[in-house]
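Q: Sequence and predicted structure, then a few things I'm wondering about:
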Amino acid sequence: DFLAGLLIAADQPLSVGDYIIVNEEHQGWVLAIGWRTTRLLTRYDMHVIVPNSTLAQASFTNTSRPREECRFHAITMVALHDDVDEVVRIASEVGEEVQQQDPRGISTYRAFAFVEVFQPGYIELRCWLCAKSWDAHFGLRDAYLRKVSRRLRDAGVPVAPPTHLIQTRAGNLLSSSPVP
C-alpha cells in the first residue's frame, strides 16, 4: 500500500475533489490521498477507504479529468410509434432546450438524439447531453427525462413501461408489463 501510495503521488491520476469510479462499491469524491489509503465520499454521504494498492492495480474512471464537464446520454423507452422521425425530433428538441436553459448544462454543447434499439413493442432513444460537472449531470439527466416524458405524452406518444418477455420451452413468447 505504501509503495502504491508513492506511485499515485508520482503519477497523479487523481486529486482531492475528483470524482472517481473504481467499481460499484468504490466510487465517490476524493477527500484525501494518503500514503496507504485514499478516502472517498460517496453520493450517500458515506466515507469509503480504498487501499492505494487497489487503485494502483485497478482501472478506474476519473470523471473530473481531463476536464470537469461531463458528456452523458439519457435513455427513454417509447412505445412503437408510426412516426419515429417525429419522436427523435421531439427528443432532440427537448435535449437542446434543457441544454440551453438549465444552469447545469453547457449551453454551447449541441444535444442530439437517435434511436438506439428497436424491441418488440418499443424503441429505445438516447439523447447525448453535456453537464458542467459529474455532480451536475444527475440533475440535468433528471430535467431532460421529465421534460421529454411530458413532451412525448403531449404529442400522444406513450412512454413504454418495462416489459418482460419470457420464451417457453414450446417457443411461445409470453409478455408481461405493469398495470397502470
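A: Nice, thanks for sending it over. Residues are numbered from 1 along each chain as shown.

Q: Name the residues that touch the helix or strand hosting Val98?
A: Val98 belongs to helix 84-101 when elements are defined using DSSP states H and E. With contact meaning CB atoms under 8 Å, 6 or more residues apart in numbering, helix 84-101 is reached by 74, 76, 78, 81, 105-107, 109-115, 123, 125, 127-130, 140, 143-144, 147-148, 151-152, 155, 157. The way it works is simple: take the backbone N, C-alpha and C, and place the C-beta from them, glycine included.

Q: Could you report the distance from Trp35 to Ser53?
A: 12 Å (CB to CB, to the nearest Å).

Q: more crowded one of those two?
A: Ser53 (17 against 13; other CB atoms under 10 Å).

Q: rewinding a little: now the helix holding Val98, how far from the centre of its chain.
A: 18 Å (CA atoms, centre = their mean, to the nearest Å).

Q: CA atoms only: put it into CSV for me.
A: C-alpha atoms of helix 84-101 as CSV (Å, rounded to 0.1, in the frame of the first residue of the first chain):
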residue,chain,number,x,y,z
VAL,A,84,-40.2,7.5,-35.5
ASP,A,85,-38.6,10.7,-37.1
GLU,A,86,-41.1,12.8,-35.1
VAL,A,87,-40.2,11.1,-31.9
VAL,A,88,-36.5,11.6,-32.5
ARG,A,89,-37.2,15.3,-33.4
ILE,A,90,-39.0,15.8,-30.1
ALA,A,91,-36.3,14.1,-28.1
SER,A,92,-33.6,16.3,-29.8
GLU,A,93,-35.6,19.5,-29.3
VAL,A,94,-36.0,18.8,-25.6
GLY,A,95,-32.3,17.9,-25.3
GLU,A,96,-31.4,21.3,-26.9
GLU,A,97,-33.9,23.2,-24.7
VAL,A,98,-32.6,21.6,-21.5
GLN,A,99,-29.0,22.1,-22.6
GLN,A,100,-29.7,25.8,-23.2
GLN,A,101,-32.0,26.6,-20.3
